[in-house]
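Participant: Predicted model, plus sequence, below.
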There are 4 protein chains.
Amino acid sequence: MKTETAPPFVESHSPRATGRPRDEGVHRAILDAAYAILVEVGLKHFSIDAVAAKANVARTTIYRRWPDKMQLMNESFLRAFEPTLEFSSTHSPRDDFRALVISLARTLNGPNGRIAASVVAQAQSDPKTQEMFLKNFSEPLRKHSTALLQAGIDKKEFREDLNIARILDAAVGAVYFRLLFGQSTGPAWAHQLVDTLLEGCYRKDGQ
Amino acid sequence: MKTETAPPFVESHSPRATGRPRDEGVHRAILDAAYAILVEVGLKHFSIDAVAAKANVARTTIYRRWPDKMQLMNESFLRAFEPTLEFSSTHSPRDDFRALVISLARTLNGPNGRIAASVVAQAQSDPKTQEMFLKNFSEPLRKHSTALLQAGIDKKEFREDLNIARILDAAVGAVYFRLLFGQSTGPAWAHQLVDTLLEGCYRKDGQ
Amino acid sequence: MKTETAPPFVESHSPRATGRPRDEGVHRAILDAAYAILVEVGLKHFSIDAVAAKANVARTTIYRRWPDKMQLMNESFLRAFEPTLEFSSTHSPRDDFRALVISLARTLNGPNGRIAASVVAQAQSDPKTQEMFLKNFSEPLRKHSTALLQAGIDKKEFREDLNIARILDAAVGAVYFRLLFGQSTGPAWAHQLVDTLLEGCYRKDGQ
Amino acid sequence: MKTETAPPFVESHSPRATGRPRDEGVHRAILDAAYAILVEVGLKHFSIDAVAAKANVARTTIYRRWPDKMQLMNESFLRAFEPTLEFSSTHSPRDDFRALVISLARTLNGPNGRIAASVVAQAQSDPKTQEMFLKNFSEPLRKHSTALLQAGIDKKEFREDLNIARILDAAVGAVYFRLLFGQSTGPAWAHQLVDTLLEGCYRKDGQ
DNA sequence: CCCTAACCGAGACGGTACGTCCCGTCTTTTT
DNA sequence: AAAAAGACGGGACGTACCGTCTCGGTTAGGG
C-alpha cells in the first residue's frame, strides 16, 4: 500500500528544461512599458503596438509571453501591487486597521491608482481579469484584514457581533469608488473614513 | 465642420423650420437596442454597428444624434436609471436610509447593473462619462441621502458629530464594489451592510 | 413606333442601388499600383501593404473590393491582358496563325510577361487563379486559334487529319515555357517556332 | 630531413576533421518530409516548421544544411527527379524521341509533377531556382534529346533543315503547360503530341 | 580515455504580412 | 432635412512563418 505522498511544495512548472532561455530583461522592459503607458496615457491608448514600441521589442515577443492585451495588463497590475502587500502588525487592532485602510488609500491615490482603475474597468468585460483581481489582490488583503478585526474582537476591543465582512465591504468599496471617479483618497479623507467605520465597531459598554 | 450634436433633451425653442422632422421612434429604437446589447452581450460587443443592426437603423442615423459611442451609452444609462430615482420618505430616518441603500442595491443587482458597470468602466477612459455619472446620477442620490441622515441627527437619533459624507462613501462604495466584481447585492447582504453602518451612527447615550 | 427591344447585354447584377458609390479612381489606382509592383519588384514583394501604399489608399479599401491578395492579382492580370485579345483575321490561315503566335510571344516578352508568369506561379497554389487563367484567358485564345486552323483544313491548305489541339498545346506551351524560365520570346524565335510547327500541318501531296 | 606530409592543397570537400558527424538519416528524413508535404498539401503549406515537424527534426537542423526554404525545395526536387534521367536508346530515332517525351509526360503526370510545378512557381521569384532547374534538369534532357533528333537527321529519317531546338521547345513546353494547369499528361495525350510533332520532321520525298 | 568541436533538440527573438473588426467621416439616393 | 446604404482612411487585433540567435545535452574522432 503506497501512501506515496507527493512532495509538499514542488513547483509543478519545470522552469526551463530546454531551448533558448527567455531574456528576463525583455520581460521587465515590456512590463515597465505597459505600466508607463497605463499611467501616462491611460487605458484607451494601451495597445500591444504601443507597448512594443516603448519597450523596444517585437510585437511577437509580447504575444509569445502573454496571450493577449488583457493578460499583459493583469500581470502589469500584479507587479505594480506586489510590493504593496506588506502588512504591518502592531499591538492595537484599531491602529492596524487604520494603517491598512490608509495604506490602501494612499497607494491608490498615486500612479498605481490608474492601473488599478484600468483593471477594474477591464474586469467588466473580462472574467479572467475579475478573477485575477479577486484572487490575487482582493482576497489576500481581505483575509489579512479579517484576521485583524477578529483580533480586535478577541481582545474585547470590538463588539462581539461585529460583521467583519460588511465592514470590509464598506472600507474597500469606499476607497475604490472614489478612485474610480477621480476623487482623491488622501490621508485626511481616509482617516475620516476609518474613524466613521470604527465608531460602529466598539463595544457599547465602558468601551 | 458640422458638429450637429442635438441636445439630449430638446429645448423648447425649435431651431429648424424646414426639412423632414426626426423620427422619434428611431430615437427610442436606438436606445432600446443599446440597452439590450449592453445587458445581453456586454460592453465588449457594444458597437455602433451592433446597435444599428439591432435597431434596424443606419449607422449614420446614430451618429446624427450622438457624437460617439460613449455618449450613446451615457444616454442609455441615464434613461435606464431615470425611473429609479423615486425616493420614499417615511417618518424614520434609519428606515429611510435602509430603504434607500437596499433600493440601490436591488437595482444594481438586476439587469441595469450591467449598464452601470459598463458606465463605470467607460468612465475610466472618458472624463465626460465620469462627469455625467457624478452629476446626473451620483450627486442627486447623495444629496437626498445627506438630507435624510441629517434629519436623523436633527431628531437626535444619530450622533451629532456623524460624518455623513463618509457614511455615504461607505454605503455607496460597498454596493458598487460588489457590482463591479460580480458579487450579488441582494437584500440580505444589503441589510447586513446597513445594519453595520448604522451601528456607528447612533448616539452613545440611552440611544 | 417603339419596338422596345430589351437591351441585348444587360448586366444582371444591379450595379449600385444605394449607398455611396465606389470611387472608380480608387479602383484604377489600386490596379495600377498592383500592376506596377508586379512588374517592377516581382511576386515576392507583392503585398497588400505595398499596393495600398503605392496607390495611396487604405488597406481596408482594398479588402473591401477583393477578398485577398490572389484575387487582386488575378484582376490585375485580366486588366493587363484585356486589350491583347484583338485577333486580326486575314485571308491566309497560316499567316493568321503565325500572327497570333507571334502576337502572344511578343506580349509575353514585354512587361506583361512578368504578370503572366506571376499568375502561373500563383495558380500552383490557388485553384481559383488556375480556373481564371484558363477560362478568361487561355480558352478564348484557344477557341479562336482552333477556328483559325480549322479554316486552314477547310481550305485544303492543312492536312485533313491535323490534330489541332496538339498543335496549340505545342505552340502555347513553348511560349510559356520560355517565359517562365527567363528566355526571351522575341519575333525571331517565334517565327522559327511557327515555321517548325507549320511544317507538320501541310498536306503531303503537291500542297 | 623533413617528411613534411602536409597536404599541399587542402581538399575543399573535407571541411571538418573533428566534431560530431552529421546524421545521414536526418538528411533523408528532411528531404522525405519536404517531398511528402509538397506532394500532399502543396506549395502553400510548405513551410520549414511543417517540414521539421514531419521529419521529427529541429528547425535549426534544417537551417544548418540548407540556407533557406527555397534551397531545400530545390534539393528535394533534384532528388525526386534523379532516377528519372534514364534514357533508353534503341535503333529508331523516332521511337526514342517518342519514348522520351512520353516518359517525361508520365513522370510529370504522377506525384513528382506537383514538385516540378512547385519548382516552376518558385522559379518566378527566385533566380537560383530557375538556374537550378535549367542547369540540372532541363539542359541534360535537352542535350540528350538534341542528340537523338540529330541522329534522325543523320539517318536521313528526318529533314535536313529540321529546327531541333524549336521541336524541343514545343514538346517540353506542351508537357509543362498542361502540368501547370492541372491537365493530365497521360500516355494517350503524349502519343498524340509526339505524332503531331513528328509529322513535321520527316523528309518530304519518299519518306 | 578524456577533450573538444560540431551536431541536435528546443525555443526565444526581431520582423513582415496577413485578413478581420470597428471607428468616425463622407457621399449618394430616396423619402 | 432626415434616413438608408455603404465607401473610405485609419488603428489595432491576434496569427503564421521567416531566418537568426542562444541554450543544454549528445556523440564521434584526435590527442
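Facilitator: Yep, that arrived. Numbers count the residues shown, from 1 in each chain, chains lettered A, B, ... in the order given.
Participant: who touches the nearest residue in space to A:Gln130 that is not next to it in sequence in this structure?
Facilitator: Spatial nearest neighbour of A:Gln130, chain neighbours left out: A:Ala123 (4.1 Å); criterion: CB to CB, 6 or more residues apart in numbering or on different chains. Quick note: C-beta positions are derived from backbone N, CA and C, even for glycine. If a contact means CB atoms under 8 Å, 6 or more residues apart in numbering or on different chains, then A:Ala123 has A:Thr129, A:Gln130, A:Phe133, B:Ala121, B:Leu180, B:Phe181 as its contacts.
Participant: How about A:Leu108?
Facilitator: A:Ala116, A:Val175, A:Tyr176, A:Leu179, A:Thr185.
Participant: Run through the residues of chain A sitting next to DNA strand E.
Facilitator: A:18-23, A:26, A:56-61, A:64-65 (CB under 7 Å from any atom of the strand).
Participant: What is the neighbour count of the residue of chain A found nearest chain D?
Facilitator: Nearest residue of chain A to chain D: A:Gly19, at 9.8 Å (CB to the nearest CB). Using other CB atoms under 10 Å in any protein chain shown, A:Gly19 has 7 neighbouring residues.
Participant: Can you verify my assumption that A:Ala36 contacts A:Lys54?
Facilitator: Yes - using CB atoms under 8 Å, A:Ala36 is in contact with A:Lys54, at 6.5 Å.
Participant: do you know how far the residue nearest to A:Gln130 is from C:Val119?
Facilitator: Using CB to CB, to the nearest Å, A:Ala123 is found at 52 Å from C:Val119.
Participant: Point out where chain A drops to low pLDDT.
Facilitator: Residue ranges of chain A with pLDDT under 70: A:1-16, A:84-88, A:200-201, A:205-207.
Participant: okay, now the domains of it?
Facilitator: Domain segmentation of chain A under automatic domain parsing yields A:24-65, A:81-199.
Participant: Return the most buried member of those.
Facilitator: domain A:81-199 (a mean of 18; mean count of other CB atoms under 10 Å in any protein chain shown).
Participant: for it, how far is the first residue from the last?
Facilitator: 30 Å (CA to CA, to the nearest Å).
Participant: gap between that domain and the chain center?
Facilitator: 9 Å (CA atoms, centre = their mean, to the nearest Å).
Participant: Mind checking if stretch A:63-76 is in reach of DNA strand F?
Facilitator: Yes - residues of stretch A:63-76 contacting DNA strand F under CB under 7 Å from any atom of the strand: A:Tyr63, A:Pro67, A:Asp68, A:Lys69, A:Met70.
Participant: Distance to D:Asn163 and secondary structure for those - can I get that in JSON lines?
Facilitator: As requested, these are exported to JSON lines (distance: CB to CB, whole Å; DSSP: H, G, I helix; E, B strand; the rest coil):
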{"residue": "A:Tyr63", "distance to D:Asn163": "60", "secondary structure": "helix"}
{"residue": "A:Pro67", "distance to D:Asn163": "65", "secondary structure": "coil"}
{"residue": "A:Asp68", "distance to D:Asn163": "65", "secondary structure": "coil"}
{"residue": "A:Lys69", "distance to D:Asn163": "67", "secondary structure": "helix"}
{"residue": "A:Met70", "distance to D:Asn163": "71", "secondary structure": "helix"}
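Participant: Show me which of those residues is closest to DNA strand E.
Facilitator: Lowest distance from DNA strand E to the residues of stretch A:63-76 next to DNA strand F (CB to the nearest atom of the strand) belongs to A:Tyr63, with 8.2 Å.
Participant: ok, and the closest non-adjacent residue to the residue nearest the centre of chain A?
Facilitator: Closest to where the C-alpha atoms of chain A average out (CA atoms, centre = their mean) is A:Phe137, at 3.5 Å. Spatial nearest neighbour of A:Phe137, chain neighbours left out: A:Phe81 (6.0 Å); criterion: CB to CB, 6+ apart.
Participant: Could you give the backbone dihedrals for the residue of chain A found nearest DNA strand E?
Facilitator: Closest to DNA strand E within chain A is A:Gly19: 2.2 Å, counting by CB to the nearest atom of the strand. Phi and psi for A:Gly19, reported as degrees, to the nearest 10, are phi 80, psi 170.
Participant: Secondary structure of A:Arg22: a strand, I assume?
Facilitator: No - the assignment for A:Arg22, made by DSSP: H, G, I helix; E, B strand; the rest coil, is coil rather than a strand.
Participant: isn't it right next to A:Arg65, touching?
Facilitator: Yes - using CB under 8 Å, A:Arg22 is in contact with A:Arg65, at 7.5 Å.
Participant: so where do the strands sit in chain A?
Facilitator: Read by DSSP state E, chain A holds no strands at all.
Participant: Show the contacting residues for A:Asp195.
Facilitator: So A:Asp195 contacts B:Asn163, B:Arg166 (CB under 8 Å, 6+ apart).
Participant: now with 7 Å?
Facilitator: Going by CB atoms under 7 Å, 6 or more residues apart in numbering or on different chains, A:Asp195 touches no other residue.
Participant: for A:Glu157, same thing?
Facilitator: The neighbourhood of A:Glu157, defined by CB under 7 Å, 6+ apart, consists of A:Pro93, A:Arg94.
Participant: and it, what are its phi and psi?
Facilitator: phi -80, psi -40.
Participant: and it, how far is that from A:Lys204?
Facilitator: 13 Å.
Participant: try A:Ala29
Facilitator: 57 Å.
Participant: repeat for A:Lys156
Facilitator: From A:Lys156 to A:Lys204 the distance is 12 Å (CB to CB).
Participant: Check the residues of stretch A:63-76 next to DNA strand F and tell me the two furthest apart.
Facilitator: A:Tyr63 and A:Met70 (12.5 Å; CB to CB).
Participant: related to what we said a few turns ago, mind checking which of the contacts of A:Leu108 land in helices?
Facilitator: Applying DSSP state H to those, the entries found in helices are A:Ala116, A:Val175, A:Tyr176, A:Leu179.
Participant: show me what contacts the first one?
Facilitator: Residues in contact with A:Ala116 (CB under 7 Å, 6+ apart) are A:Phe77, A:Leu108, A:Leu179.
Participant: can we see that at 10 Å?
Facilitator: A:38, A:77, A:80-81, A:104, A:107-108, A:133, A:137, A:175-176, A:179-180, B:124 (CB atoms under 10 Å, 6 or more residues apart in numbering or on different chains).
Participant: With A:Gly182 instead?
Facilitator: Counted by CB under 10 Å, 6+ apart, A:Gly182 has contacts A:Gly113, A:Ala117, B:Ala123, B:Gln124, B:Pro127, B:Gln130, B:Glu131, B:Leu134.
Participant: Between those, which sits nearest chain C?
Facilitator: For these, the nearest to chain C is B:Gln124 (28.8 Å; CB to the nearest CB).
Participant: ok, A:His27 to B:Ala170 distance?
Facilitator: From A:His27 to B:Ala170 the distance is 40 Å (CB to CB).
Participant: ugh, wrong one, I meant A:Phe177
Facilitator: Counting by CB to CB - A:Phe177 and B:Ala170 are separated by 9 Å.
Participant: Next: A:His191.
Facilitator: To B:Ala170, A:His191 is 14 Å away according to CB to CB.
Participant: repeat for A:Arg65
Facilitator: Distance, A:Arg65 to B:Ala170, using CB to CB: 40 Å.
Participant: And A:Ala105, by the same measure?
Facilitator: 13 Å.
Participant: How about the residues of chain A by DNA strand F?
Facilitator: Residues of chain A lying near DNA strand F by CB under 7 Å from any atom of the strand: A:18-21, A:45, A:47-50, A:59-60, A:63, A:67-70.
Participant: Taking those residues together, which two end up most distant?
Facilitator: Maximum distance among the residues of chain A next to DNA strand F (CB to CB): 38.2 Å, for A:Thr18 and A:His45.
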